[in-house]
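Chemist: Just need the structure, nothing else, for what follows:
(one chain, ligands or ions: 1)
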Amino acid sequence: MTKSVEGGGSWIRVLRSAELGPLCLCKAVVADSTLLLARLRSGEVAAASNVCPHESEDLSGGRVYMDSVDCPRHHYVYDLKTGINRYPRSVFPDDLAKQIAPLPIYPAREEGGWIWVYLP
Ligand code: FES
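Modeler: Predicted coordinates:
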């Protein structure tokens, strides 16, 4: 694993780009973090925590849906660009919607045939 330090965190080389196909999810363990990597509709890569904020399910068993991840356990849906919950937030009353924690998102990029993730 190669690291390049930038502003207190590190860009970490996580996975070969070719290993993450269209609309696929992949789990990667890096240092103390378990990451979720996703290939979005545009071909862009997204990185997030692999742990569902609801009840800690492994999100890599879910699926990419409209640039979000659909948790395999109770089907909460989190936007993979912002981390914001899209469902059931969209159907809950405001007071309940505010209680749904977002999914932590990390900057990700592709370079030299690899996917890199910035961990603070
Ligand atoms: S554990 Fe993910 S939606 Fe409940």
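Chemist: And the residue nearest the centre of the chain, what's its pLDDT?
Modeler: Centre of the chain computed as the mean C-alpha position; nearest residue by Cα atoms, centre = their mean is residue 48, 2.5 Å away. Residue 48 carries a pLDDT value of 98.
Chemist: That one: which element?
Modeler: strand 45-49 (DSSP states H and E).
Chemist: Check the offset of that strand from the chain's centre.
Modeler: How far strand 45-49 lies from its chain's middle: 3 Å, per Cα atoms, centre = their mean, to the nearest Å.
Chemist: For it, enumerate its sheet partners and note whether each is parallel or antiparallel.
Modeler: On the basis of DSSP bridges, the sheet neighbours of strand 45-49 come out as strand 33-39 (antiparallel), strand 105-106 (antiparallel).
Chemist: can you list the residues of this protein near the ligand?
Modeler: Taking Cβ under 6 Å from any ligand atom as the contact definition, the chain meets the ligand at 52, 54, 55, 57, 71, 73, 74, 76. For glycine as for every other residue, the C-beta is placed from the backbone atoms N, C-alpha and C.
Chemist: From what I see, residue 24 and residue 40 are in contact.
Modeler: No - the pair residue 24 and residue 40 does not pass the contact test of Cβ atoms under 8 Å, sitting 10.2 Å apart.
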